[in-house]
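**Q** For reference, the sequence and a predicted model appear below.
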Amino acid sequence: MLLGVAAAGAERPAILIAGVAGLVAGAMSMAAGEYVSVSSQADTEQSDISRERRELASAPEAEHAELAAIYESRGVDPDTARAVAEQMMAFDALGAHARDELHITELTTARPVLAALTSAATFTAGAALPLLLAALLPMALIVVGEVVGSILFLALLGAVGAIAGGTRPWKPVARVVFWGALAMALTAGIGRLVGTSL
Ligand SMILES: [Zn+2]
């Protein structure tokens, strides 16, 4: 976005205002979008768990057969599957059904506020470096500097993400650099077009 405004020929104050507005609007909309989407996921999980709780109360035999069938389909022989289902249900019936039938665990449970804050924070971190460059670079170098700086930053993020995920960094770095450069080229091109027509 900074590149689009800079390519349109704007002065530094306009570029910085656009950058700060973009950072705030982006962080807020990422947080709002994430909150809405994760909340609806949490609602679905909650209603699935309530339905499971009702079924366990009203039809425990059918629920036992259902859980045993799940273990059987994963390769456990029928007798063992029935015994495992029985022992797991005696220990924590709802927990066993939530985990093995609905695939809901403590780890995967949707947390809307946490997801919203994480999205806002990561967006802000990602937007901060180009904004800092826009504040510090000499005006003559602002377009080139933003391009080079942003691509380097994207490559670094791609490498950090790959290493954190335990994969080789080259492919993720190439992917994030390619799509980032394409996005910047399109934005700069459109900025330039709008800048010359205004
Ligand atoms: Zn069940």
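**A** Nice, thanks for sending it over.
**Q** Let me know the pLDDT of the most centrally placed residue in the chain.
**A** Closest residue to the average C-alpha location of the chain: S119 at 7.0 Å, with Cα atoms, centre = their mean. pLDDT, S119: 94.
**Q** Give me the contacts around the host helix or strand of it.
**A** Assigned by DSSP states H and E, S119 belongs to helix 112-136. Applying Cβ atoms under 8 Å, 6 or more residues apart in numbering, the contact partners of helix 112-136 are 2, 6, 12, 15-16, 19-20, 22-23, 26-28, 30-35, 38-39, 42, 142, 145-146, 149-150, 153, 157. C-betas here are computed from N, CA, C, even on glycine.
**Q** Relative to the ion, which residue of the chain is the closest?
**A** H97 (3.9 Å; Cβ to the ion).
**Q** Give the buried residues for the helix holding S119.
**A** Within helix 112-136, the residues scored as buried using 16 or more other Cβ atoms under 10 Å are 112, 115-116, 119-120, 123-124, 126-127, 129-131, 133-134.
**Q** And the residue nearest to the centre of the chain, how close does it get to A25?
**A** Taken as Cβ to Cβ, to the nearest Å, the spacing of S119 relative to A25 amounts to 13 Å.
**Q** Also T44?
**A** Applying Cβ to Cβ, the value for T44 to A25 is 29 Å.
**Q** Just give me the neighbour total for A31.
**A** Burial of A31 is recorded as 20 neighbouring residues (other Cβ atoms under 10 Å).
**Q** Please identify the helix or strand for the residue located most distally from the centre of the chain.
**A** Largest separation from the mean C-alpha position in the chain: D79, at 42.2 Å (Cα atoms, centre = their mean). In the assignment (DSSP H and E), D79 maps to helix 78-100.
**Q** Need the contact partners of that helix.
**A** 49, 52-53, 56, 60, 63-64, 66-72, 76, 104-105.
**Q** Tell me the residues of this protein that contact the ion?
**A** Proximity of the chain to the ion, by Cβ under 5 Å from the ion, involves residues 63, 66, 97, 101.
**Q** how about those residues in TSV, adding pLDDT?
**A** TSV is the format used below for the residues of the chain next to the ion (pLDDT from 0 to 100):
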residue	pLDDT
E63	95
E66	95
H97	94
E101	92
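**Q** Any of these buried? List them.
**A** Buried members of the residues of the chain next to the ion, counted by 16+ other Cβ under 10 Å: 63, 97, 101.
**Q** Looking at those, which is nearest K171?
**A** When those are ranked by distance to K171 (Cβ to Cβ), E101 comes first, at 36.1 Å.
**Q** What segments of this structure are helices?
**A** Listed in chain order, the helices of the chain (DSSP state H) span 2-7, 12-58, 60-73, 78-100, 112-136, 142-164, 170-197.
**Q** Just say which of the ones you listed is most tucked in.
**A** Ranked by mean neighbour count under mean count of other Cβ atoms under 10 Å, the helices of the chain are led by helix 2-7, which reaches a mean of 24.
**Q** That one - contacts with which helices or strands?
**A** helix 12-58, helix 112-136, helix 142-164, helix 170-197 (3 or more Cβ pairs under 8 Å, 6 or more residues apart in numbering; DSSP states H and E).
**Q** Cool, thanks, signing off.
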